[in-house]
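Asks: Give me coordinates for this.
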Amino acid sequence: MSVQPILTAALRTEQDVVNARQRARTLSAMLGFDRQDQTRIATAVSEIARNTVTYGRGGTLRFSLEGQGNERALAASFVDQGVGIAGLSDILEGNYVSPTGMGMGIVGTRRLMDTFEIDSGPGRGTRVRFSKFLPRGRSEVDIRQLTAGLTTAMPSSLAEEVQVQNRDLLTTLADLEEARGELEQINTELENTNRGVVALYAELDERAEELRRASEIKSEFLSNMSHELRTPLNSIMALARLLSDQVDGPLTTEQLRQVTYITHSAEALTALVNDLLDLAKVEAGRVDLNPTEFSTSELLGALRGMMRPLQTSDRVELVIEDRTSGLRLHTDEGKLAQILRNLVSNALKYTEQGQVRVEVSTRPPGRIEFIVRDTGIGIPEVELKRIFDEFVQVRNPLQAKHKGSGLGLPLSRKLAGLLGGLIAVDSTPGVGSIFTLDIPVVLPDAEGDAGRDAGTGRTKILIVDDEEPTRYVLRQGLAAEPNWAILEAADGTEGLRLAQAETPDFIVLDLNMPGLDGFEVFRTLKGDPATRDIPILVVTSALLTADVLKRLEGAIAVLPKSNLSRSVLHTFAVQALQQGAPA
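Replies: Residues are numbered from 1 along each chain as shown. Alright, predicted model coming up:
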């Protein structure tokens, strides 16, 4: 470090203390410090100089410039040959103050300056060094000019210096009063803002409750209407079959065609009603899973038979490849078959020539993957996020030929979630689409899965964040899954308690929290055998440096809050719940 000496002065008498203060003020003014910093530097020099004379039996003071470029600082160094300072650590920690104020001078100086060092011991006296960084734009300093200015400055008498101190004190008090007024104004504005935020939270909670009620009403309406529509539809289909079978007499060719149209329309409407009913049941959490044991060869054989009538063109080949050698599954066969039927039927509808290929393979640990590939028209990238929304259909040239309700994919995704799985999609317009269904080989149940709530069978997710708005956003992002129970903690201590008491399946953790911060919560959870395997997703507004990422090794991901979205959060949660703790 570059050090440029400016002035060295002896400290023997009270007048030397006065001179040291006057020189500090003069020097700081020549270096461009503002009025408050001039007072801070002069006061700090005066306090330590007085300690040097009073307790150190005299010594020396040296002013110097340290550092280079924009990192230069004015430094003051004091050396005495006194008896040293007893209990220095207690003084620095604020646990002891001498009756004469020596400790207050040391602690106060350390607070006023940018850097502070002190070394003291019996037989070697006391050494104090502190510095204040120069104002920005003062990188170029003429040392000779500074030395000349200090040499020609007339030392002040004690009375004159007291007057200067009084003026500085009055100025400081005026500045403090002005700052107090500004602070009161800011506090008033904050109170008004807080009232507005509280009102906003109340309104958001009200809207969330309205949305919840609307969702319940929608599910109930769909369920009721589906049941009401099924009865007349079943009657229409039964009557149409009687007519087409010509039980009561022959029909003309035109009449048979009309009856066929009636039958097809009734079947399409029945399929729509069935989808609506299934969707309403899933959203209301009323779907009962019936896991049974079956093999992939049995499942795919039935699927091949169901899909054969949909192969209306010789230009499209349906290929089913089982790479699992007839693996045995224990899950809901009906729900799994329903998902695969939707995926394969969509692929056949929108593939005019080429191939629809179903590939089945295993994935560790204990999972199975169904991939449906086609060489169809594909899906534009901008539409990929919408295809799982209800009643959404992507516009394409084949839409007029193959109409649908827009419920197949949303229902399939929700059913996949019930089976503990996830549906992913990748598509290129003009090339084709790839839909991937990933589910566990054995369906987790309420009794066998330690990560389930014994009372409700729901997956538990813990959110640990001290900011209510962030918890609200995270809560909303995870609320789409009806079988996820959300736990919340507003600080690290409560979060750690809930994690150890509830053993959640997944944790979303903030870092910057008062008291016990996220780093300590993360370290404690990963060090406890009971919680170390819980997947933890870290979301933070802190700068993601290499050191921060190293301290969070073992997290499934570390995400900035600014880039957090509902889809990203949902994807990480589903993947973590599927895969368990990271390897």
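Asks: my guess is L242 contacts D248, does it?
Replies: Yes: applying Cβ atoms under 8 Å, one finds L242 in contact with D248, separated by 7.3 Å. For glycine as for every other residue, the C-beta is placed from the backbone atoms N, C-alpha and C.
Asks: okay, those two: which has more neighbours?
Replies: When neighbours are counted by other Cβ atoms under 10 Å, L242 and D248 differ, and L242 comes out ahead with 12 against 8.
Asks: confidence score at the more buried one?
Replies: Among the per-residue scores, L242 shows a pLDDT of 79.
Asks: dump the residue contacts of it.
Replies: The contact partners of L242, by Cβ atoms under 8 Å, 6 or more residues apart in numbering, come to D248.
Asks: Check for me that it belongs to a helix.
Replies: Yes: assessed by DSSP: H, G, I helix; E, B strand; the rest coil, L242 belongs to a helix.
Asks: Now do G56 against L511, distance only.
Replies: With distances taken as Cβ to Cβ, to the nearest Å, G56 is found 45 Å from L511.
Asks: Equivalent analysis for K335, please.
Replies: 40 Å.
Asks: ok, now L329?
Replies: For L329, the distance to L511 (Cβ to Cβ) stands at 41 Å.
Asks: now swap in D517 and tell me
Replies: 6 Å.
Asks: Of these two, give the one with the bigger neighbour count.
Replies: L511 (23 against 16).
Asks: Contact partners for the closest residue to that one other than its chain neighbours?
Replies: Spatially, and ignoring its direct neighbours in sequence, L511 is nearest to G518 (3.6 Å; Cβ to Cβ, 6 or more residues apart in numbering). By Cβ under 8 Å, 6+ apart, the residues touching G518 are V464, G492, L509, D510, L511, N512, V538, T540.
Asks: Tell me the one of these nearest F130?
Replies: Using Cβ to Cβ, N512 comes nearest to F130 of these, at 30.3 Å.
Asks: Is that closest one in contact with V539, as I believe?
Replies: No: at 11.0 Å, N512 does not count as touching V539 under the criterion of Cβ under 8 Å.
Asks: out of those two, which sits in the more crowded spot?
Replies: V539 (25 against 13).
Asks: Need the three-state assignment for the more buried one.
Replies: V539 - assigned by three-state DSSP - is strand.
Asks: So what pairs up with it in the strands?
Replies: L559 (DSSP bridges).
Asks: What values do phi and psi take at S120?
Replies: phi -150, psi 150 (degrees, to the nearest 10).
Asks: Could you count how many residues lie near it?
Replies: 20.
Asks: Tell me the secondary structure of the residue lying closest to T60 once chain neighbours are set aside, please.
Replies: Spatially, and ignoring its direct neighbours in sequence, T60 is nearest to V79 (5.4 Å; Cβ to Cβ, 6+ apart). Counting by three-state DSSP, the backbone at V79 sits in strand.
Asks: Report the secondary structure state of the residue sitting furthest away from the middle of the chain.
Replies: Distance from the centre of the chain peaks at G249, with 70.5 Å (Cα atoms, centre = their mean). Of the three states, G249 takes coil according to three-state DSSP.
Asks: Identify the residues contacting it.
Replies: G249 neighbours (Cβ under 8 Å, 6+ apart): none.
Asks: next one: E321
Replies: R357, V358, E359, V360.
Asks: In TSV, list those residues along with pLDDT and secondary structure.
Replies: Putting the contacts of E321 into TSV (pLDDT from 0 to 100; DSSP: H, G, I helix; E, B strand; the rest coil) gives the following:
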residue	pLDDT	secondary structure
R357	93	strand
V358	93	strand
E359	93	strand
V360	93	strand
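Asks: If we only consider those residues, which is nearest to L419?
Replies: For the contacts of E321, the nearest to L419 is V360 (14.9 Å; Cβ to Cβ).
Asks: S46 versus the residue farthest from the centre of the chain, what's the distance?
Replies: Applying Cβ to Cβ to G249 and S46 gives a distance of 120 Å.
Asks: go on, G408?
Replies: Counting by Cβ to Cβ, the gap from G408 to S46 is 82 Å.
Asks: How about L487?
Replies: 57 Å.
Asks: again, but for A302
Replies: Taking Cβ to Cβ, one finds A302 at 93 Å from S46.
Asks: more crowded one of these two?
Replies: S46 (21 against 15).
Asks: Please name the spatially closest residue to that one (chain neighbours excluded).
Replies: R21 (4.0 Å).
Asks: So that neighbour: helix, strand or coil?
Replies: helix.
Asks: G94 now?
Replies: Assignment for G94 (three-state DSSP): coil.
Asks: Quick check: which element contains the residue nearest to it when sequence neighbours are not counted?
Replies: Excluding its sequence neighbours, the residue lying closest to G94 (Cβ to Cβ, 6+ apart) is V107, at 6.2 Å. Under the criterion of DSSP states H and E, V107 resides in helix 102-112.
Asks: So which residues make contact with that helix?
Replies: With Cβ under 8 Å, 6+ apart, helix 102-112 has contacts from 40-41, 43-44, 47-48, 50-51, 54-55, 85, 91-92, 94, 96-98, 116, 118, 128, 130.
Asks: Just the buried subset of those residues, written out for ChimeraX, thanks.
Replies: Burial among those is assessed by 16 or more other Cβ atoms under 10 Å; the matching ChimeraX selection reads:
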select :40,41,43,44,47,48,50,51,54,55,85,91,92,98,116,118,128,130
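Asks: Mark which of the contacts of helix 102-112 are part of strands, please.
Replies: Counting by DSSP state E, the part of those found in strands is F116, I118, V128, F130.
Asks: which one of those sits closest to E317?
Replies: F116 (80.1 Å).
Asks: G366 versus that closest one, what's the distance?
Replies: With Cβ to Cβ as the criterion, F116 and G366 are 60 Å apart.
Asks: cool, and S565?
Replies: S565 is 30 Å from G366, by Cβ to Cβ.
Asks: Now L233. Nearest residue, chain neighbours left out?
Replies: That would be T270: by Cβ to Cβ, 6+ apart, it lies 5.0 Å from L233.
Asks: pretty sure that neighbour contacts S235?
Replies: No: using Cβ under 8 Å, T270 makes no contact with S235, being 11.4 Å away.
Asks: Who has more neighbours out of the two?
Replies: T270 (16 against 11).
Asks: ok, then the element right after the helix or strand encompassing that one?
Replies: Here T270 is covered by helix 253-284, with elements defined by DSSP H and E. Downstream of helix 253-284, the first helix or strand assigned by DSSP H and E is strand 292-295.
Asks: mind listing what that next one pairs with, with the direction of each?
Replies: By DSSP bridges, strand 292-295 pairs with strand 328-331 (antiparallel).
Asks: K460 and A501 touch, don't they?
Replies: No: with contacts counted by Cβ under 8 Å, K460 stays clear of A501, the gap being 10.9 Å.
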